[in-house]
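Q: model the structure of this input:
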Amino acid sequence: MVRGKKMAVACANLLRMTGSGIGRHVGMWTATISLKPERSQYMFVIDGKQWIADPLAGEASGDGFGAENEVRDVSI
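A: This is a model prediction of the structure:
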């Protein structure tokens, strides 16, 4: 389990985000992010320094720097 005081979502499509909400619920971080319909890559950033993968993501893609981003296909 990763612990931290602050959590952010780093998204490859950051400029296309239409809104976000990050909070804690029952000891877990949650994030609601509105994205346009497309393939989006992301990772979680804990306390501004620790980058982690989404443990619930079903797919990953290389980020070009030796790590992997999680992938979500967003559709309407």
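Q: counting neighbours, what do you get for E70?
A: Counted by other Cβ atoms under 10 Å, the residues lying close to E70 total 21. Glycine gets a C-beta too; all of them are placed from N, C-alpha and C.
Q: do the same with the one 5 residues further on
A: By the criterion of other Cβ under 10 Å, S75 has 6 neighbours.
Q: which residues does it contact?
A: Residues in contact with S75 (Cβ atoms under 8 Å, 6 or more residues apart in numbering) are P37.
Q: the residue nearest to I52 when sequence neighbours are not counted - how many residues pack around it?
A: In space, not counting the residues next to it along the chain, I52 is nearest to F44; the distance is 5.1 Å by Cβ to Cβ, 6 or more residues apart in numbering. Look at F44: counted by other Cβ under 10 Å, it has 20 neighbours.
Q: over to S40?
A: Neighbours of S40 using other Cβ under 10 Å come to 20.
Q: show me the contact partners of the helix or strand hosting it.
A: Taking DSSP states H and E as the definition, S40 sits inside strand 39-46. Outside strand 39-46, the residues within contact range by Cβ under 8 Å, 6+ apart are 2-4, 6-13, 29, 31, 51-54, 61, 63, 67, 69-74.
Q: distance check, Y42 against G62.
A: 14 Å (Cβ to Cβ, to the nearest Å).
Q: gap between the strand holding S40 and the chain center?
A: In this view, strand 39-46 has its centroid 3 Å away from the chain centroid, taken as Cα atoms, centre = their mean, to the nearest Å.
Q: show me the shaky parts of the chain.
A: Scanning the chain for pLDDT under 70 picks out 1-3, 12-27.
Q: and the strands in it?
A: 7-11, 19-25, 28-34, 39-46, 50-52, 60-62, 68-73 (DSSP state E).
Q: quick one: contacts for P37?
A: Contacts of P37 (Cβ under 8 Å, 6+ apart): V74, S75, I76.
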